[in-house]
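[1] The following comprises the amino acid sequence and a computationally predicted model.
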Amino acid sequence: KLVLAARREDRLKALSEDLSAKGAEVIWQVTDVTDRKQVEALAASAKEAFGRIDVLVNNAGLMPLAPLDALKVDEWDQMVDVNIKGVMYGIAAVLPTMREQHSGHVINLSSVAGHKLFPGAAVYCATKFAVKALSEGLRMEAGDEIRSTNISPGAVATELTSTITDPNAKKAAEDLYSVAIDADAVARAIVYAIEQPADVDINEIILRPTAQEL
């Protein structure tokens, strides 16, 4: 049973059809994680369809890298809205239901940039450090009812570098991402965390390409 959410309806439809053909029970909803009401509506739809919310995966993210001197303040705002507030809105939307059912699992996608700072990535790193802090804070507050997992990938073959508008930063990122691993590697890490017994909470997973130094 899956609930899918993203901004692009065409991709949601295609993925839903593919998963349904493989036997999954799927619903989907166009959702912008920067809109708290939309995230709340998504959680409500999930509960209405399936009666409970077992796992939330906070995966939305932007990475418009640039030096601070470039003063791309609008991009800073976008990163804060998606990378931090989007995660917070997701947690807020599911936490009451998970408390009510005395179980649940929140999985947040941070980054190796949430463990180490990189020149030209100060704001992006700050947002990913924040995600790591939110994950650990939830773990400390959740007691024995709700599990919290922070997953920090390195270079993964996604569209993340497409959000970079600074030409020098884009070139550096593309060089790094030349060794990117497939997104399936991250999916397997998520499945591993979920499949543990209820009394086992995988708090932190860091994974990167074997060839990635940073």
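    Yep, it's here. Numbering: from 1, shown residues only.

[2] Report the central residue of this protein.
    The centre of the chain sits closest to residue 59, judged by Cα atoms, centre = their mean, with a distance of 2.0 Å.

[3] ok, for it, nearest residue in space, not its chain neighbours?
    Closest residue to residue 59 apart from its sequence neighbours, by Cβ to Cβ, 6 or more residues apart in numbering: residue 109 at 4.8 Å. Backbone N, C-alpha and C define where each C-beta goes, glycine included.

[4] what pairs with the one you found across the strands?
    On the basis of DSSP bridges, residue 109 is bridged to residue 151.

[5] where's residue 158 relative to residue 67, distance?
    Computed as Cβ to Cβ, to the nearest Å, the residue 158 to residue 67 distance reads 23 Å.

[6] Break down the protein into its helices, ranges please.
    For the chain, helices defined by DSSP state H occupy the ranges 9-21, 36-50, 73-79, 86-101, 122-142, 167-176, 183-194.

[7] quick one: which of those helices is nearest residue 3?
    Nearest of the helices of the chain to residue 3, taken as Cβ to Cβ: helix 36-50 at 4.3 Å.

[8] average pLDDT across that closest one?
    pLDDT averaged over helix 36-50 equals 98, rounded to a whole number.

[9] helices and strands of this protein: which one bottoms out on pLDDT?
    In the chain, no helix or strand scores lower on mean pLDDT, DSSP states H and E than helix 167-176, which sits at a mean of 93.

[10] Can I get that helix in PDB? Just the C-alpha atoms.
    Extracted C-alpha coordinates of helix 167-176, given in PDB (Å, rounded to 0.1, in the frame of the first residue of the first chain):
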ATOM      1  CA  PRO A 167      27.900  27.900 -13.900                       C
ATOM      2  CA  ASN A 168      31.000  27.200 -11.900                       C
ATOM      3  CA  ALA A 169      29.000  25.400  -9.200                       C
ATOM      4  CA  LYS A 170      27.200  23.400 -11.800                       C
ATOM      5  CA  LYS A 171      30.400  22.300 -13.400                       C
ATOM      6  CA  ALA A 172      31.900  21.200 -10.100                       C
ATOM      7  CA  ALA A 173      28.700  19.300  -9.200                       C
ATOM      8  CA  GLU A 174      28.600  17.600 -12.600                       C
ATOM      9  CA  ASP A 175      32.200  16.500 -12.200                       C
ATOM     10  CA  LEU A 176      31.300  15.000  -8.700                       C
END
